[in-house]
Every structure is written in structure tokens, then in C-alpha cells.
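Undergrad: Prediction below, plus the sequence it came from.
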Amino acid sequence: MIENHAHNHSHSDHELTGRSLLFSIFLNIGITIAQVIGGLLSGSLSLLSDALHNFSDVISLIVSFFANRLAKREASIKRTFGFKRAEIMAAFINAASLVVIAIILVFEAIERLQNPHKISANIVIILSVVAILGNGLSVLLLKQDSKVNMNMRSAYLHLITDLMASVAVLIGGLLMKYYQLFWVDSVLTFAIAIYLIIVGYDLLKRSFKVLMLYTPDTIEVKEIVNTINALPKIKSIHHIHVWQLNEEETHLEAHIDFNSDIQVSEFGEVLHTIEDVLQKKFGINHVTLQPEYGKEDNKDIIVQD
């Protein structure tokens, strides 16, 4: 039996340095401290919820920063894939934290809505403006990285939702100052929390699929089978596994049944053709194939190992 491994990795041209993350960490620590103090002094739940969200940003950014560093470490005998999945793990943890925090905020908002408190609107307005400026800067710093990396996107989403929350808190502060609508504080907190649940769940689901080795949503296995089976010399492709190691590497492993007992050199030529087709048509850049001829095994497309 011959098993051939073909590696063809594509890497993003945009090198992630982590400097933007580090700057955002310190910036959000400052915002969080200011909002906690301001929330306690003003009695504003929405400001405290924004502070809690900012604190989750700090945690998520720290996790993302170290995951970014780990992902760059080279593979070794004991870690043949290196730490390439560290960033997916970080995205999953960040998304989970968003959902948990949001659920806590929902209960707090409902309780406060039933028992509204008078709030110092001036403090709310000043600190929400500070948070808007700080989070706005962080969002701009991470915007480019968020387009090419799930971990960076999770950190980016934390920051952009917090920016939106701070804008809502500012509007609420203005309404409380000029119209004494103190119930707005609880309503804003509830709205922020629901939005966090929606955003967090989507990222949680996508990162979970990668961690559980799901076939990427953009890839149709049956289409791969039809494409490969149409190539010369190939009888069938079966026993297929398709998964993402991370956002840059999509893997496929399968058995290839040939029409005749070809030589190893011929298999090399066929393998090169298959690699080229899978890369260009499906974005699969790591291919492992097991060639077969006349072997009595399960020829189903999907086989439970």
C-alpha cells in the first residue's frame, strides 16, 4: 500500500504582528477602569454593562494576543501541526464569553427596569464619549487583520459591538440628562445584551465547526467526487475527509481507486493534477491520497473510521 502526502499551503500576505492587539489591550484596560468608577458613581447600569463588556474585550484581546503568538511557533516532533489551531480556540473562547456576559446583562437589565434608579447623566455622557474614542481607535487598528483571520475577527467584533454599545450609552445619557428618562438605561442594556448574543452565537458556531472538523460550508463533497471521478485513470474517489485546520489550511484525505495497476511515477502525475484541481476549484491546499487497485474495501464516499 502506498500513501502519498502532498502539501501545498497558501499563506496570507498580511503578516499579523500583534502590535495592534497589544495597544488595544492597554487602551481597553484604561477604558474599563474609568467606566467601572463612573458607573458606580453615577449609578448607571448601562455604563457598568459597557465596562463589563470592555473587560471582556480585555480578556479576549489578551487571549487573542497570545494565540496569535502561539500560532507562529513552528511544528515539532510532539506538535506536528504546531499551534495552528490556537487562534480558532481563542475565537471560540471569546465568542462563548460574549454570550455568557450578554445573558448576565439581560437579567440585570430586567431587574433594573422593574426598579429604576436616578442616574448622574453627566458622568455617563463623558465616559461614553471616552469609550467611543478609545474603542473607535482600536476598531480601526484591527479592521484589516479581521478580514483574514477568525481570531482577529473575534477580537474585532468584541470591539465594534462595544463601540456601538458606547454610542447607545451616550444617547441614553443625553436622554436622561435632558428628559429624565432613566428607564432608558435598562432598555439600552437589554438591547446591547441581545445584540451580543446574536453576534457571539454566530462566531461560536463557526469556530465550533472548525474545532469539530466539519466540512467547510463552502465545499460540496459530492461535487469533489464528481470532479475527481471524471479525471483519466481514476475509477473512484472514496473514504473522504475534508476539514479546516485553521483559516489558511483546508485539508482533504481520501482513497483513490484506479482503473489499472499504474506505476508510482504515474500516480505522481495524477496526484499533481488532483492537487491543482482541488486548489483552484475548491480552495483545498493540503491533499493526502491513498492509491488503490483491486482492493476489497468500503467504497462509500463517507466511511466511519
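TA: Cool, the structure landed.
Undergrad: hey, let's count contacts and neighbours off CA atoms from now on
TA: OK.
Undergrad: Listing partners with orientation, what would you give for the longest strand seen in the chain?
TA: As assigned by DSSP state E, the longest strand anywhere in the chain is strand 234-244. Strand 234-244 has the following sheet partners, assigned by DSSP bridges: strand 250-258 (antiparallel).
Undergrad: same for the very next helix or strand once past the partner strand, what does it pack against?
TA: The helix or strand immediately downstream of strand 250-258 is helix 264-277, counting by DSSP states H and E. Contacts defined by 3 or more C-alpha pairs under 8 Å, 6 or more residues apart in numbering; DSSP states H and E place helix 264-277 against strand 286-292.
Undergrad: quick check: mean pLDDT across the strand it packs on?
TA: Averaged over strand 286-292, pLDDT sits at 95.
Undergrad: And stretch 256-266, by the same measure?
TA: When pLDDT is averaged over stretch 256-266, the result is 94.
Undergrad: In that stretch, which residues are buried?
TA: I256, D257, F258 (16 or more other C-alpha atoms under 10 Å).
Undergrad: what does stretch 272-286 give?
TA: I274, E275, D276, V277, L278, Q279, F282, G283, I284, N285, H286.
Undergrad: just how off-centre is it within its chain?
TA: 25 Å (C-alpha atoms, centre = their mean, to the nearest Å).
Undergrad: Kindly report the same for stretch 160-179.
TA: That offset, for stretch 160-179, works out to 28 Å (C-alpha atoms, centre = their mean).
Undergrad: That one: which residues count as buried?
TA: Quick answer for stretch 160-179 (16+ other C-alpha under 10 Å): 160-177.
Undergrad: same thing with stretch 80-96?
TA: 82-96.
Undergrad: Repeat that for stretch 243-260.
TA: Those would be 243-258, for stretch 243-260 by 16+ other C-alpha under 10 Å.
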